[in-house]
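Trainee: For reference, the sequence and a predicted model appear below.
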Number of protein chains: 4
Amino acid sequence: MAGNTFGQVFKITTFGESHGEAIGVIIDGCPPNIEVDLDFIQNELDKRKPGQSKITTQRKESDTFQILSGVFEGKTTGTPLAIVIPNEDQKSKDYDHNKDTFRPSHADYTYQTKYGIRDHRGGGRSSARETAARVAAGAIAKLYLQQKGIDVLAHVSSVGKLDAPEVEITNAEEFINLRENNIVRCVDALTAEKMIALIDGIRKEGDTIGGKITCFIKNCPVGLGEPVFDKLHADLGKAMLSINAVHGFDYGSGFDGSTMRGSQHNDIFQTDGNGKISTKTNFSGGVQGGISNGMDINFRVAFKPVATIMSNQETVNKAGEAAEIKGKGRHDPCVVPRAVAIVEAMAALVIIDHYLRNQLYQSK
Amino acid sequence: MAGNTFGQVFKITTFGESHGEAIGVIIDGCPPNIEVDLDFIQNELDKRKPGQSKITTQRKESDTFQILSGVFEGKTTGTPLAIVIPNEDQKSKDYDHNKDTFRPSHADYTYQTKYGIRDHRGGGRSSARETAARVAAGAIAKLYLQQKGIDVLAHVSSVGKLDAPEVEITNAEEFINLRENNIVRCVDALTAEKMIALIDGIRKEGDTIGGKITCFIKNCPVGLGEPVFDKLHADLGKAMLSINAVHGFDYGSGFDGSTMRGSQHNDIFQTDGNGKISTKTNFSGGVQGGISNGMDINFRVAFKPVATIMSNQETVNKAGEAAEIKGKGRHDPCVVPRAVAIVEAMAALVIIDHYLRNQLYQSK
Amino acid sequence: MAGNTFGQVFKITTFGESHGEAIGVIIDGCPPNIEVDLDFIQNELDKRKPGQSKITTQRKESDTFQILSGVFEGKTTGTPLAIVIPNEDQKSKDYDHNKDTFRPSHADYTYQTKYGIRDHRGGGRSSARETAARVAAGAIAKLYLQQKGIDVLAHVSSVGKLDAPEVEITNAEEFINLRENNIVRCVDALTAEKMIALIDGIRKEGDTIGGKITCFIKNCPVGLGEPVFDKLHADLGKAMLSINAVHGFDYGSGFDGSTMRGSQHNDIFQTDGNGKISTKTNFSGGVQGGISNGMDINFRVAFKPVATIMSNQETVNKAGEAAEIKGKGRHDPCVVPRAVAIVEAMAALVIIDHYLRNQLYQSK
Amino acid sequence: MAGNTFGQVFKITTFGESHGEAIGVIIDGCPPNIEVDLDFIQNELDKRKPGQSKITTQRKESDTFQILSGVFEGKTTGTPLAIVIPNEDQKSKDYDHNKDTFRPSHADYTYQTKYGIRDHRGGGRSSARETAARVAAGAIAKLYLQQKGIDVLAHVSSVGKLDAPEVEITNAEEFINLRENNIVRCVDALTAEKMIALIDGIRKEGDTIGGKITCFIKNCPVGLGEPVFDKLHADLGKAMLSINAVHGFDYGSGFDGSTMRGSQHNDIFQTDGNGKISTKTNFSGGVQGGISNGMDINFRVAFKPVATIMSNQETVNKAGEAAEIKGKGRHDPCVVPRAVAIVEAMAALVIIDHYLRNQLYQSK
């Protein structure tokens, strides 16, 4: 009811404020006997952590995690898996100016009105710091999906009006190598260079900019997704829209598909003669009738520009009076390079949940 | 788990196949003491029903509903409200060609693979006929929201590449009158005329075309939406993406917002001097940190072209062999005119659910 | 939230008032490919229906059901299965005396206060008529469990202070035959005779009496039940306590177990030498740590006497004034003979739900 | 799905094994602005903790808790409240004998079979240590209920065949004082003395014994509980049956009620002339039709004897072979003195959840 839980079988509940003791997550419904690769989990967290390059916030958090339960002798046991990530770089004083004043396009005003109280330090619960817990849980999900041969792969496809060319993924490892080869996390090296220059310029101006992430899910079996409300793409959409700063989601032909004709858009089925069915095109984005059809799933996620900028802005305060908010603090000029890890984590969480839900139909 | 339920407090479960006995819905969690206006409900269903104009399918269904429970002496009682809509125009024979063959870009293949069985008549459960049940439930939701002064208003903003100009809503009644004044349900009369001509031409070619619907929620109080996963816009997004043929959703600045700078995009707070807080711009689309901020909520929904076309198409059959599917049946050349009622219904269901969830914080 | 749904995978939602149009149930999450034996379902309903013998209410309802969806060519399809049972014998006039006056030990007062409105005709939603919907859903569950070799078997073990001797079940069919051989549904013929005489005498006095039902689940596999809150016996307990008039539940050694010593109570494990593990005694009632251990599950359910009696009683009315309620209407002198079918249905619903939930751990 | 979550609005998820790093709980849906009295919470935990007297286990755990989130400047914020209790006295070596052998009437065999893996140290997840997390969450619930004037009061009413006389509660404080005045937690001093002697004798024999706890909820408003499945007493029953070692639950007239006649059992309504309605008797136990009626709620919980005894016992091992288990370790001779805190916590969790759910009907 209070909205801090996601998933139905592989169910995560996150907790924690940006400037409290710690953030963390409980996974209830984690399958037993997954080998828990601690380095892999830390590596996933490192892709999201602040302070990793010149184009991210300079706030420092090692995001070192601790597993409190649910793992025995290196394997999951099927009991709740609790992960805690202590907060380290809590310069709460930095946020005193924020105590009685509402920052524009932040959640200060809505939280204060809804709850009648709010932890004003750095956004509290509304801070994107919460997403570290999602990345940790998503890493466990990925460990399971990898066993099944399913890859979840995202990269930065746009920064502002700079778009990367369309990608053809043949190999997951290669994709990840190309992406991690640059600090903006775009697989196209040439575009990446331009994106970095653009973000760096905007950072120097004390401004911010939006962008887009494209995500692919490869080798997803046929049958994931539940009609009629829990369609696979509807759950992916909700997952993405729940990430801070996301303003749009489309999959397959997406918004462009709305301008097409049926005769162009229909994905013709074909067979390889050995019973393997595929489609000639993939405007469906790997999902038909809300259920995966075995083709690559693909979708796009649009992020607005970060609301914290280095200029002073007009606003109102808790008393409902006009006020001014100072431009200060340590924030990202563009959120998408760090958000790649979050998009992948949320996608992995949706896929593992539907993978497990689909087991219910495999009963003999 | 099986995905036929939506909502957490105002919870609907729909049932029924397009060519079975009936479709319907149970609302569990309907507030007591709502006056049930039967004409209003039928009127909502009529906006979605087939056969209403030359640019919709000619399939005939009166979509007459019956309430089986939950209403006593004209008012809701707080107990489950069950609505049944019998199926009338069931030309099941029309679908014999569909029994062993998978229609391209339909759900035939994925349902057959997932369940090992499917009701092939007209799409069965995957048919958009299911959405009539949503419209009936949405009508009950609207009756409640109207008491609270909240309006949910959608119209067709694009057909193919034809876009309507941006709308400024000052009055709900006027908006509805303008929209219902033409069969395509676009509030701009001039664009509507062009859209109708476009759809009619495509219909004559036996083809189909996609489109977009824009929806507004006016007078929504501050505070609806639950962080972190059940953000108001995330639930709206899931609701929309669960509608047949939807391939994209964005709200506020949406996909365009990803190309903007923070200094442009931030919505500056202002006060009217009497404690009423608003924002100068509304790139946030009425939602900040996942919680409504009192400004108009707005979002867009992209629909792909209908998959059933009047040409023969290559495909495969249940045995995994190449086959051909005949182009026949009665279907919509463009789904958006009828989908306006569905978008409004799903939006109303999200808003009533979060309105009720937010009551939990109003406790004294 | 509003409490009309039960189960997590095999999820039922019931609807309907005793004197409305109809009652019914939607099953969401029903496995596909169950053969739907209509006669079996009707037979289950017949065991619960009113008017079946001299010791039940003389109210007449055929309880004829109709399946509206979810079944195609005699098999379940995995989509929501909707069952409707029209109300027939609705002598609503009989309840005019009940409109403004609260019947003692009924739900009139609590419903009126909670909702501010109530359908006063025959108890409305609080009527035990609602349980017919549970029996219909339970019958579908039983059809599935039978395929797996699991039997759910209940009988009347007490009426008032008359207790049947302990039962040893060797054969499900024999158990059912013995039970259905008498109208009180106790497998011990001698006790049954005394019970019938007792109830009949009480009926003639215009009074009512309580009783107990004992239920066994045979051939349940090891592993059903989820720690820590959804222990198998906890879900069975909730299921039973949700049945009208139930005031107590215990399993295995039950209340008597609280007077025993550990050295007596521990169930010693033994092996048959072929890897089949069992326990020498079964004080655990087939459940250890909330999970089935392969032994017979057994539990007892205590029903209070029916509140409707044929004497006039003091009470208060809606205005909060002293009033008198007349003793009239058609009601059961003892509820347990008809409740056997309800206990079995609810037990079957718990077992199928946990059976399916346990499939999630069977994944390879 | 995996069963570690309880509640629908005030939703708790517990985690942790008896011999892992820590146990704990997340509360999602905690109302904002509750003053968090740390001493009160610790005091509740102290009533459950091991090593508190000669008749409990001598295992030592301080059960010191830490709040990681959801509290700001001493008040709850409405965001998830995470509590962690580190494990201290982890003599895991004590459990080596338990690694491959199944202890009789414990969860070893069922966990191993269900998950294919288990943390064998001290019961792992199936250990009653998990209930400390429930007590911590229940303490938060109590702080809220106290504001509303609602008291949750339990005591030990039986040990073995020793029964305390019936209690009339006039004052919560007095009840607690009487109860805490002796180490067995029975409000009747004379019976308490006998109970202590009985338990102490059994402890010396290396044996264990069962018992019963009676719980009262005073000043519960009319209207809590949701028909038809989430009846207040059904949720109380499930809550109690989910506690380790519980084998039975009844409320109001309970099992005895099944032997009574309607004419005796009906609770006659009366009015005090000022609109305050009550009943002359309270066989309904404060709940009618599943909804609280404003009278005191009362129920009883039966605990089996602790399974760990100091004698050697026959059993089987993981390989399915006959084996012997040694009688050793530190365990409770009788669980009920410590379980009083658990029963109260679970009752408080049910009542706060239904209190909040009932707010949904208070909307104006």
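Mentor: That came in fine, so what should we check first? Residues are numbered from 1 along each chain as shown, chains lettered A, B, ... in the order given.
Trainee: Could you pull out the helices in the stretch 151-300 of chain A for me?
Mentor: Ranges of helices within the stretch 151-300 of chain A are A:172-180, A:189-204, A:232-241, A:254-257, A:262-265, based on DSSP state H, counting those that start in this stretch.
Trainee: Need the winner for burial among these.
Mentor: Among the helices of the stretch 151-300 of chain A, helix A:232-241 has the highest mean neighbour count (mean count of other C-beta atoms under 10 Å in any protein chain shown), at a mean of 29. In this view, the C-beta of every residue, glycine as well, is placed from N, C-alpha and C.
Trainee: Enumerate the residues of the stretch 101-250 of chain A near chain C.
Mentor: Proximity of the stretch 101-250 of chain A to chain C (C-beta under 8 Å from any C-beta of the partner chain) is limited to residues A:P227.
Trainee: Mind telling me which residue of the stretch 101-250 of chain A is nearest chain B?
Mentor: A:A107 (2.3 Å; C-beta to the nearest C-beta).
Trainee: Burial check on that residue, number of neighbours?
Mentor: By the measure other C-beta atoms under 10 Å in any protein chain shown, the count of residues near A:A107 is 27.
Trainee: mind checking which of the helices of the stretch 151-300 of chain A is nearest B:E168?
Mentor: helix A:254-257 (22.9 Å; C-beta to C-beta).
Trainee: Tell me if the closest one is near chain B.
Mentor: Yes - using C-beta under 8 Å from any C-beta, we find that helix A:254-257 touches chain B at A:254-255, A:257.
Trainee: Turn these into a markdown table, columns for distance to D:E166.
Mentor: Formatted as a markdown table, the residues of helix A:254-257 next to chain B follow (distance: C-beta to C-beta, whole Å):
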| residue | distance to D:E166 |
| --- | --- |
| A:G254 | 70 |
| A:F255 | 71 |
| A:G257 | 72 |
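Trainee: any idea which of these is the one closest to D:S127?
Mentor: A:G254 (50.7 Å).
Trainee: Would you mind pulling the contact partners of stretch A:47-55?
Mentor: A:46, A:56-63, A:131-132, A:135, A:183-185, A:196, A:199-200, A:203, A:330, A:332-334, A:337-342 (C-beta atoms under 8 Å, 6 or more residues apart in numbering or on different chains).
Trainee: From these, list the buried ones, please.
Mentor: A:56-57, A:59, A:61, A:63, A:131-132, A:135, A:183-185, A:196, A:199, A:203, A:330, A:332-334, A:337-342 (16 or more other C-beta atoms under 10 Å in any protein chain shown).
Trainee: Filter those residues down to just the ones in helices.
Mentor: In helices, judged by DSSP state H, the following of the buried ones among the contacts of stretch A:47-55 are found: A:131-132, A:135, A:196, A:199, A:203, A:337-342.
Trainee: Apart from its neighbours in sequence, what residue is nearest the residue of the stretch 101-250 of chain A closest to chain B?
Mentor: Distances taken as C-beta to C-beta, 6 or more residues apart in numbering or on different chains place B:G289 nearest to A:A107, at 2.3 Å, with adjacent residues excluded.
Trainee: now the host helix or strand of A:A137 against helix A:172-180, angle please.
Mentor: For A:A137, the host element (DSSP states H and E) is helix A:131-147. Between helix A:131-147 and helix A:172-180, the angle formed by their directions is 150 degrees, by axes from the mean of the first three to the mean of the last three C-alpha atoms, to 10 degrees.
Trainee: Return the distance of helix A:131-147 from the chain's centre.
Mentor: Offset of helix A:131-147 from its chain centre (C-alpha atoms, centre = their mean, to the nearest Å): 11 Å.
Trainee: Check which residues of it are buried.
Mentor: A:131-146.
Trainee: circling back: dump the residues of helix A:254-257 next to chain B to JSON lines, plus pLDDT.
Mentor: Formatted as JSON lines, those follow (pLDDT from 0 to 100):
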{"residue": "A:G254", "pLDDT": "98"}
{"residue": "A:F255", "pLDDT": "98"}
{"residue": "A:G257", "pLDDT": "98"}
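Trainee: Tell me the predicted confidence for the residue of the stretch 101-250 of chain A closest to chain B.
Mentor: Looking at A:A107, its pLDDT stands at 96.
Trainee: residue boundaries of the strands in the stretch 151-300 of chain A?
Mentor: Applying DSSP state E, counting those that start in this stretch to the stretch 151-300 of chain A gives strands spanning A:151-159, A:162-163, A:211-218, A:246-251, A:269-271, A:277-279, A:287-288, A:291-292, A:297-303.
Trainee: Give the closest residue to A:T76 in space, chain neighbours not counted.
Mentor: In space, A:T76 comes closest to A:I34 once its chain neighbours are excluded; the distance is 4.4 Å by C-beta to C-beta, 6+ apart.
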